[in-house]
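> pasted the sequence and its predicted model underneath.
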Amino acid sequence: MLYRGSLISSLLVKNKYSKLFKMAKSSFEYVKNFEQDDTLLPNSWIVVRLDGKCFHKFSEDHNFEKPNDSRGLQLMNYSAYTVLSEFNDLLMAYGQSDEYSFIFKKNSTLYKRRAAKLLTTINSKFTSSYVFYWNKFFNDELKYPPVFDGRIVLYPSEENLIDYLKWRQADVHINNLYNTTFWTLVLQGSLSPAQAEKRLSGTVSADKNEILFKEFNINYNNEPEMFKRGTLLIRKTLSNEASNKNISVIVDVHSDMLKDSFWKEHCYLLSKSKIQYLNYEGPLTDIVKEQIVCKAKMAQEQIEIRV
């Protein structure tokens, strides 16, 4: 009888709150009408681009090396890698300096293509990863949280998307050549920032290359590819000799996307059919090695479970 009484009492309470919920829903749900419909156009490439806010000051406050800090760039790449690892709908990502672009598959329906959901999720994942993995690349303490703003741009055609990525990589070359020459004049040429800026005013690429080579014996072509071209994160297939199987990994490469040969080789990226990843034969970077170790560990755990 006690059990029956408790059951009846419980049902009455549930029924009471169920009625209240229905009343609340019917009374207040109208406020949802104020939400803006931000569903993105279908059949278009979604690009989410993040940029560091006030990163000039942030880099100075955290003693970034000039003109490029490999630790900072590697942290950017690793943060982008964590984003790409979590969302299969992301086709690739490209980053340089304090910015990163994430490209969704053209037919992606993630979050029903709602702009706010896509932008805030990618941004928060990237920013939190940047903070969380700071000590993986820097020994110094993070003095204050970094901030990244973001935007979404839609591109209707493959040509538009390719031109976008070419534009961002061309920007790397222009900015890095200038910054390399500028900071070389300051750090090795004993010029003040104002004097270096005046010296470079009106110069073209050939002039900057000549300054570097003739005055400082620096061949710009020998600068690290990551500095000159930025970093592209894409999925490729890696041959695993230990298990005699191919595994899919995210690789960080510094390919020349300005060349049409890159897009011919990677035509599968933009294909509407099922994506077939190319074999990866490049260097085993830290990002690639980490995935190999992780996949090997998972395979071993599965074997132990079966046994």
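Nice, I can see it.
> tell me which helix or strand the spatially most central residue of the chain sits in.
Centroid-nearest residue in the chain: residue 80, 3.1 Å away (criterion: C-alpha atoms, centre = their mean). Assigned by DSSP states H and E, residue 80 belongs to helix 70-86.
> next SSE downstream of that helix?
By DSSP H and E, the next helix or strand past helix 70-86 is strand 90-96.
> next one: that next one to chain centre, how far?
5 Å (C-alpha atoms, centre = their mean, to the nearest Å).
> what about it, average pLDDT?
Mean pLDDT, strand 90-96: 97.
> got the angle for it vs helix 70-86?
170 degrees (axes from the mean of the first three to the mean of the last three C-alpha atoms, to 10 degrees).
> does residue 188 touch residue 212 like I think?
No: in this structure, residue 188 is not within contact of residue 212 by C-beta atoms under 8 Å, at 10.0 Å. For glycine as for every other residue, the C-beta is placed from the backbone atoms N, C-alpha and C.
> of those two, which one has the most company?
residue 212 (19 against 11; other C-beta atoms under 10 Å).
> phi, psi of the residue nearest to the more buried one when sequence neighbours are not counted?
Distances taken as C-beta to C-beta, 6 or more residues apart in numbering place residue 218 nearest to residue 212, at 4.2 Å, with adjacent residues excluded. The phi/psi pair for residue 218 (degrees, to the nearest 10) reads phi -110, psi 120.
> what sits against residue 218?
Applying C-beta atoms under 8 Å, 6 or more residues apart in numbering to residue 218 gives the contacts 180, 184, 212.
> with residue 196 instead?
Contacts of residue 196 (C-beta under 8 Å, 6+ apart): 182, 183, 185, 186, 189.
> also residue 114?
Residue 114 touches 38, 39, 40, counting by C-beta under 8 Å, 6+ apart.
> what about the helices in the stretch 101-250 of the chain?
Ranges of helices in the stretch 101-250 of the chain, per DSSP state H, counting those that start in this stretch, are 115-132, 134-137, 158-187, 193-200, 205-210, 216, 225-229.
> JSON lines for those helices, including mean pLDDT and distance to residue 67?
Formatted as JSON lines, the helices of the stretch 101-250 of the chain follow (pLDDT from 0 to 100; distance: least, C-beta to C-beta, whole Å):
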{"stretch": "helix 115-132", "mean pLDDT": "98", "distance to residue 67": "21"}
{"stretch": "helix 134-137", "mean pLDDT": "97", "distance to residue 67": "18"}
{"stretch": "helix 158-187", "mean pLDDT": "97", "distance to residue 67": "4"}
{"stretch": "helix 193-200", "mean pLDDT": "97", "distance to residue 67": "11"}
{"stretch": "helix 205-210", "mean pLDDT": "96", "distance to residue 67": "12"}
{"stretch": "helix 216", "mean pLDDT": "96", "distance to residue 67": "13"}
{"stretch": "helix 225-229", "mean pLDDT": "97", "distance to residue 67": "8"}
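> state the mean pLDDT of the helix or strand hosting residue 287.
Element membership for residue 287 (DSSP H and E) is helix 286-306. The pLDDT scores in helix 286-306 average 84.
> distance between that helix and the chain's centre?
24 Å.
> quick one: contacts of it?
74, 77-78, 81, 238, 240, 242-243, 247, 249-252, 280, 284.
> tell me the buried residues in that helix?
287, 288, 291, 295 (16 or more other C-beta atoms under 10 Å).
> can you give me the buried ones in the helix holding residue 80?
So for helix 70-86, counting by 16+ other C-beta under 10 Å, buried means 71-85.
> and residue 262, which of the helices of the stretch 101-250 of the chain is closest to it?
Nearest of the helices of the stretch 101-250 of the chain to residue 262, taken as C-beta to C-beta: helix 158-187 at 9.4 Å.
> in the closest one, what's buried?
Quick answer for helix 158-187 (16+ other C-beta under 10 Å): 161-162, 164-166, 168-169, 172-173, 176-178, 180-186.
> repeat for stretch 202-209
Residues of stretch 202-209 classed as buried by neighbour count (16+ other C-beta under 10 Å): 208, 209.
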